[in-house]
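Visitor: sequence below, structure please.
(2 chains)
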2 protein chains.
Amino acid sequence: MEGTRLDTARIRAARELIDPVFLDTPLYRWEALEPSLGCAVSVKLETANPVRSFKGRGTEVVARLLAERGQRAVVCASAGNLGQALAWSGRGRGLDVTVVASRFATEAKLDRIRALGARLELVDGDHESARERAAALAHRDGIRLLEDSLDLETCEGAATIGLELVEAAASFDTVLVALGGGALATGVGHVVKALAPGVEVVCVQPLGAPAMTRSWHERRVVTTETADTIADGVAGRYPIPAVLDDLLVVADDAVLVREASIIAGVRVLFADAGLVAEPSAALGIAAILENRDRFAGRHVVTIVCGGNVDPAAHRRWTGEAADRRP
Amino acid sequence: MEGTRLDTARIRAARELIDPVFLDTPLYRWEALEPSLGCAVSVKLETANPVRSFKGRGTEVVARLLAERGQRAVVCASAGNLGQALAWSGRGRGLDVTVVASRFATEAKLDRIRALGARLELVDGDHESARERAAALAHRDGIRLLEDSLDLETCEGAATIGLELVEAAASFDTVLVALGGGALATGVGHVVKALAPGVEVVCVQPLGAPAMTRSWHERRVVTTETADTIADGVAGRYPIPAVLDDLLVVADDAVLVREASIIAGVRVLFADAGLVAEPSAALGIAAILENRDRFAGRHVVTIVCGGNVDPAAHRRWTGEAADRRP
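Guide: As a prediction, this is how the structure comes out:
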């Protein structure tokens, strides 16, 4: 794909750097979803691995390259999934990992970061405050700052999902991708547009955290004062210009969805597909629920990109559907 | 492995007959389970496929061979998972599939069998009544009766899980296998004993449906008057002599677990691993919970063999742990 920072050959090479436990994830059509959604739906499942999200694909690349260069430490800001994945990848290669997160981050994610042996620093404020603090720590200590979506390893690691999608036997009309910082969307989008350009790439973001989607539509960086969504994995406010440029090349559309639709998506994935998804991973289903006519009769693949959710919250979100059943 | 009806070369060949969507399923260590269980735990996940259980591995072999021989119809008795898998595999090859099930079977399973286009016949009584009726239908119509665990395709299809376990990078001390009719246990057990004989094969069955376990311990077929367990997938009462003979060769032990432990297993898999497991798929975790000393410090792999569960029941079983969390 011309015109993005990403490189298809380097993405293929990235596969070789990633622990196989994160690769070749399940991809299957789940017909039980289809009566309620009105289109053919395939699921790309990124939650059945040691960190329960796709982020391991990128952190494996980062940690491998750092270790090869003899570097010993790395710091990142994270809403929880990147930090958990970096902790896992870093531990296996003897790296000191520091994760900076908002103290309002999902507790289940913070618990796992600690359990994996990373140093966890909590900041007041939201994810953007964590990003500032992580940058300051990296500067102070002279260590690598891993910046999600800006650093190509995070995009190209995520892009290996795209390779698996385009190499699948089934052909899809549309790929629905959660949009936050943009690593997943630009990564998957790059590969799809390079290797299967007829497939539509639709990014999905919460109405409560719409900065990147607004930026895509206005073709310039738009920031927001607040980010208010249960989809904590995509709750940024300051889009990165270079990532927006890539997204402008690879995305066919970017849509916003309501919180109620995200909850409905989590519920549908649980009740009809037996999958525990965090809200960010239900954005694709939410987009179908809000745009039935648009997707009617099409074959849509949605990337269930993370499953790190507090059990009690999940229980609240899924309760209604479960109680309706016999 | 000498001494069973199964054949390792034929099991390797079976892999070629099975739709790849059922193969090379996720296998990963899930450390969050370990503090509560006291041993290293890896999960082999058989629920992320179009029928949400391992049974597709066997029905793919059956349906492929039937289609190659020009046969048009097949009937089976099922608690739900075999029927769903046979419906899926048969549909793809133009076979007429009839499934006989108890009218007390899990509704979610019966719904999926119907949705996949199979003819579903419900009988009063339990799974053993369904087996009798399926045999009568096959005799009457002159069509193939697929008998779970007796028919080698079901065992050798399941045995492909064993190939994936022994070929994994990690080495395990113990494989925990749900025990019902015996297809999964004899299949996986055969491969493990043939290719990694140092690995212990421990079968797990509910106390409320203990026929095969008692038979294994007494080395003769023991039937029971009743089968009373939430683990509907393993609730048989009449062990098949040929299957028992195989199990006597490959199993190192067979243990019984209480219903409360099975529920705790479902809860642990949900709350600590984000997995929706049906009760039969939680038998391995239940065995660890009841035998902590036995497994302490060992690396145990448990096959999460099915995820077809009524959402409302799952919600009841998982409620307590979820509500304990923040």
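Visitor: ok, A:Gly92 touching A:Leu66?
Guide: No - using C-beta atoms under 8 Å, A:Gly92 makes no contact with A:Leu66, being 11.8 Å away. Using the backbone N, CA and C atoms, a C-beta is placed for each residue, glycine as well.
Visitor: higher neighbour count, these two?
Guide: Between A:Gly92 and A:Leu66, counted using other C-beta atoms under 10 Å in any protein chain shown, the more crowded position is A:Leu66 (21 against 14).
Visitor: mind listing what A:Ala138 touches?
Guide: For A:Ala138, the contacting residues are A:Val75, A:Arg144, A:Leu145, by C-beta atoms under 8 Å, 6 or more residues apart in numbering or on different chains.
Visitor: where in chain A is pLDDT low?
Guide: In the predicted model of chain A, residues A:1-2, A:320-326 satisfy pLDDT under 70.
Visitor: go again with 90.
Guide: In the prediction, chain A carries residues with pLDDT under 90 at positions A:1-2, A:32-33, A:35-36, A:169-171, A:319-326.
Visitor: break it down into its domains, please.
Guide: Domain assignment for chain A, taken from automatic domain parsing, gives A:8-53+A:152-324, A:56-146.
Visitor: ends of the shortest one, how far apart?
Guide: This points to domain A:56-146. End-to-end distance for domain A:56-146, by C-alpha to C-alpha, to the nearest Å: 13 Å.
Visitor: near chain B, which residues of the stretch 151-300 of chain A?
Guide: A:Ala169, A:Phe270, A:Ala271, A:Gly274, A:Leu275, A:Val276 (C-beta under 8 Å from any C-beta of the partner chain).
Visitor: buried subset of the residues you listed as a PyMOL selection?
Guide: Applied in PyMOL, the following selects the buried portion of these according to 16 or more other C-beta atoms under 10 Å in any protein chain shown:
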select buried, chain A and resi 270+271+274+275+276
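Visitor: residue contacts, A:Leu165?
Guide: Counted by C-beta under 8 Å, 6+ apart, A:Leu165 has contacts A:Leu27, A:Lys44, A:Phe172, A:Val175, A:Val188, A:Val191, A:Val192, A:Ala196, A:Val301.
Visitor: and if we set it to 7 Å?
Guide: Residues in contact with A:Leu165 (C-beta atoms under 7 Å, 6 or more residues apart in numbering or on different chains) are A:Lys44, A:Val175, A:Val192, A:Val301.
Visitor: which strands or helices does the helix or strand where A:Leu176 lies pack on?
Guide: Assigned by DSSP states H and E, A:Leu176 belongs to strand A:174-178. If you count contacts as 3 or more C-beta pairs under 7 Å, 6 or more residues apart in numbering or on different chains; DSSP states H and E, strand A:174-178 packs onto helix A:183-195, strand A:200-206, helix A:283-290, strand A:299-304.
Visitor: so which of these is nearest A:Ile161?
Guide: Proximity to A:Ile161 (C-beta to C-beta) singles out helix A:183-195 among the helices and strands packed on strand A:174-178, at 5.4 Å.
Visitor: which residues are contacting the closest one?
Guide: A:1, A:4, A:6, A:8, A:11, A:54, A:58, A:148-149, A:154-156, A:158-159, A:161-163, A:165-166, A:175, A:177-179, A:199, A:201, A:203, A:243, A:246-247, A:250-251, A:305.
Visitor: then stretch A:280-288?
Guide: A:37, A:39, A:176, A:178, A:180, A:202, A:204, A:231, A:233-234, A:255, A:257, A:261-262, A:264-266, A:268-269, A:295, A:300, A:302-307.
Visitor: what subset of the residues you listed is buried?
Guide: Judged by 16+ other C-beta under 10 Å, buried ones among these: A:37, A:39, A:176, A:178, A:180, A:202, A:204, A:231, A:233-234, A:255, A:257, A:261-262, A:264-266, A:268-269, A:295, A:300, A:302-307.
Visitor: mind checking how far stretch A:230-237 is from the chain centre?
Guide: Distance of stretch A:230-237 from its chain centroid, counting by C-alpha atoms, centre = their mean, to the nearest Å, is 10 Å.
Visitor: any buried residues in the one helix or strand A:Arg140 maps to, and which?
Guide: Element membership of A:Arg140, judged by DSSP H and E, is helix A:127-141. Buried residues in helix A:127-141, counted by 16+ other C-beta under 10 Å: A:His127, A:Glu128, A:Ser129, A:Ala130, A:Arg131, A:Arg133, A:Ala134, A:Leu137, A:Ala138.
Visitor: following it, which helix or strand comes up?
Guide: Next element after helix A:127-141 (DSSP H and E): strand A:144-146.
Visitor: and that following strand, what does it pack onto?
Guide: Looks like strand A:144-146 contacts strand A:73-77, helix A:127-141 (3+ C-beta pairs under 7 Å, 6+ apart).
Visitor: list the contacts of it.
Guide: Residues outside strand A:144-146 that contact it (C-beta under 7 Å, 6+ apart): A:Val62, A:Leu66, A:Gln71, A:Val74, A:Val75, A:Cys76, A:Leu86, A:Ala134, A:Ala135, A:Ala138.
Visitor: show the contacting residues for the closest residue in space to the fifth one that isn't next to it in sequence.
Guide: Using C-beta to C-beta, 6 or more residues apart in numbering or on different chains and skipping residues adjacent in sequence, the residue nearest A:Val75 is A:Thr98, 4.2 Å away. For A:Thr98, the residues meeting the contact criterion (C-beta under 7 Å, 6+ apart) are A:Val75, A:Ala118, A:Arg119, A:Glu121, A:Leu137.
Visitor: contacting residues for A:Val74?
Guide: Contacts of A:Val74 by C-beta under 7 Å, 6+ apart are A:Leu66, A:Leu86, A:Gly90, A:Leu95, A:Val97, A:Ile143, A:Arg144, A:Leu146.
Visitor: so what's it bridging to?
Guide: A:Val97, A:Arg144 (DSSP bridges).
Visitor: state the distance from it to A:Gly297.
Guide: 46 Å (C-beta to C-beta, to the nearest Å).
Visitor: look at the closest residue to A:Ser280 other than its chain neighbours and tell me its secondary structure.
Guide: Excluding the flanking residues, the one nearest A:Ser280 by C-beta to C-beta, 6+ apart is A:Gly233, at 3.5 Å. Assigned by DSSP: H, G, I helix; E, B strand; the rest coil, the conformation of A:Gly233 is helix.
Visitor: quick check: A:Gly233 vs B:Pro210, distance?
Guide: A:Gly233 is 45 Å from B:Pro210, by C-beta to C-beta.
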